[in-house]
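Trainee: any chance you could fold what I've pasted below:
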Amino acid sequence: MALSKFCKKIGPDPASIKSCMIGGIVANNASGMCCGVDQNSYKTLKNMKIILQDGTRLDTSNEVSRNKFLKTHHQFCEKLLRLRDKILKDEKLVKLIKRKYKIKNTCGYSINALIDFDNPADILLHLMIGSEGTLGFIEEVTYDTVEDLPFKAISLMLFKDIKTAANAVQRLKKIPRSEVPAAELMNRASLRSIQNKQGLEFLKSLDEKVAALLVETRSTQKSDLQLQMNKIINILKGLPTIKPIVFSDDVKIYQKYWNIRKGLFP
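Mentor: Residues are numbered from 1 along each chain as shown. Below you'll find the model as predicted:
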């Protein structure tokens, strides 16, 4: 809420965003549905204060603290650099790591830090993402904020089966990600879990193979938003849908659909 008046937000948007803590978001690499790999903690993290097992406090924003860490923990830093060198000498492994972290990868250490950074303090800073408390205690986090575009629209698209829904995603990839920040796949089991929600009772009558996509588009201008909605509808023409594709920019419907999606796992 504090950032919304500036049309800004933090990148990660986990389903538990209203109750979770920043330290938990970082430690679990909780990403949510719209940040993808461009606006997750790894890409938007600026600095961190870390307390290590021996009580050492590292403030990655402070040059004095960084230099002191390199001296007092030189053996640890050397091990990190040796591990980095070992990985960089293995071309096949480097390609594998790069490929894995181009897609959503939220389990365990962010080991792409070992090829993306050459300073031990920066490597450790980014390894903390997904570390789940095993490397140190996260005392403080500084994020770079991202834009929260003011105009948004959403569509619950229903397809005859999951393959058709997946084909729709492939088509949507032709549109810039900034215009389609989210395309969430929901299989029939997911739809069954929400079919008793007010306004969604029609889901009960759907075939057992039906799958859905929850697609969002955003823009800085309302006129552009309409153009983007039309572009998405046009690019999906020819794919069989259960109902015609319709977008809504009604705030209540937008929030309702996202609340339903976020509530699927519980």
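Trainee: right, and residue 213 touches residue 157 too?
Mentor: Yes. Counting by C-beta atoms under 8 Å, residue 157 is a contact partner of residue 213 at 4.5 Å. From N, CA and C alone the C-beta is placed, and that goes for glycine too.
Trainee: got any residues that touch both of those two?
Mentor: Residues touching both residue 213 and residue 157 (C-beta atoms under 8 Å, 6 or more residues apart in numbering) are 165, 168.
Trainee: what's downstream of the helix or strand hosting residue 167, the next helix or strand?
Mentor: Residue 167 is located in helix 162-172, with elements delineated by DSSP states H and E. Sequence order places strand 182-186 as the next helix or strand after helix 162-172, per DSSP H and E.
Trainee: and the protein, what are its domain boundaries?
Mentor: As assigned by automatic domain parsing, the chain contains the domains 4-146, 149-262.
Trainee: got the residue ranges for the strands in this structure?
Mentor: Counting by DSSP state E, residue ranges of the strands within the chain are 8-9, 45-51, 57-59, 137-143, 146-147, 151-159, 182-186, 211-219.
Trainee: could you measure from the closest residue to residue 80 other than its chain neighbours over to residue 18?
Mentor: With sequence-adjacent residues excluded and distances taken as C-beta to C-beta, 6 or more residues apart in numbering, residue 80 is closest to residue 120, at 4.9 Å. Taking C-beta to C-beta, to the nearest Å as the measure, residue 120 falls 36 Å from residue 18.
Trainee: out of these two, which sits in the more crowded spot?
Mentor: Shown here are residue 120 and residue 18; by other C-beta atoms under 10 Å, residue 120 has more neighbours (20 against 7).
Trainee: the more buried one: what's it in contact with?
Mentor: 69, 70, 76, 77, 80, 81 are the contacts of residue 120 under C-beta under 8 Å, 6+ apart.
Trainee: of these, just the buried ones, ChimeraX syntax please.
Mentor: Here is the ChimeraX selection string for the buried members of the contacts of residue 120, based on 16 or more other C-beta atoms under 10 Å:
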select :69,70,76,77,80
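Trainee: any idea of the pLDDT on the nearest residue in space to residue 220 that is not next to it in sequence?
Mentor: Excluding its sequence neighbours, the residue lying closest to residue 220 (C-beta to C-beta, 6+ apart) is residue 149, at 5.7 Å. With respect to pLDDT, residue 149 scores 84.
Trainee: how near is residue 149 to residue 203?
Mentor: In terms of C-beta to C-beta, residue 149 sits 29 Å off from residue 203.
Trainee: show me where the protein has helices.
Mentor: All helices of the chain, identified by DSSP state H, fall at 22-27, 41-44, 63-72, 74-88, 91-100, 113-116, 120-127, 162-172, 188-194, 222-235, 251-262.
Trainee: save the ones you listed as TSV, and put in mean pLDDT and distance to residue 57 too.
Mentor: Converted to TSV, the helices of the chain look like this (pLDDT from 0 to 100; distance: least, C-beta to C-beta, whole Å):
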stretch	mean pLDDT	distance to residue 57
helix 22-27	89	15
helix 41-44	91	21
helix 63-72	96	7
helix 74-88	97	15
helix 91-100	95	30
helix 113-116	96	20
helix 120-127	96	13
helix 162-172	96	45
helix 188-194	87	44
helix 222-235	95	46
helix 251-262	84	35
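Trainee: tell me if I'm right that residue 13 and residue 32 touch.
Mentor: Yes. Between residue 13 and residue 32 a contact is recorded at 3.6 Å, counting by C-beta under 8 Å.
Trainee: neighbour count winner among these two?
Mentor: Relative neighbour count places residue 13 above the other of residue 13 and residue 32, with 22 against 19, counting by other C-beta under 10 Å.
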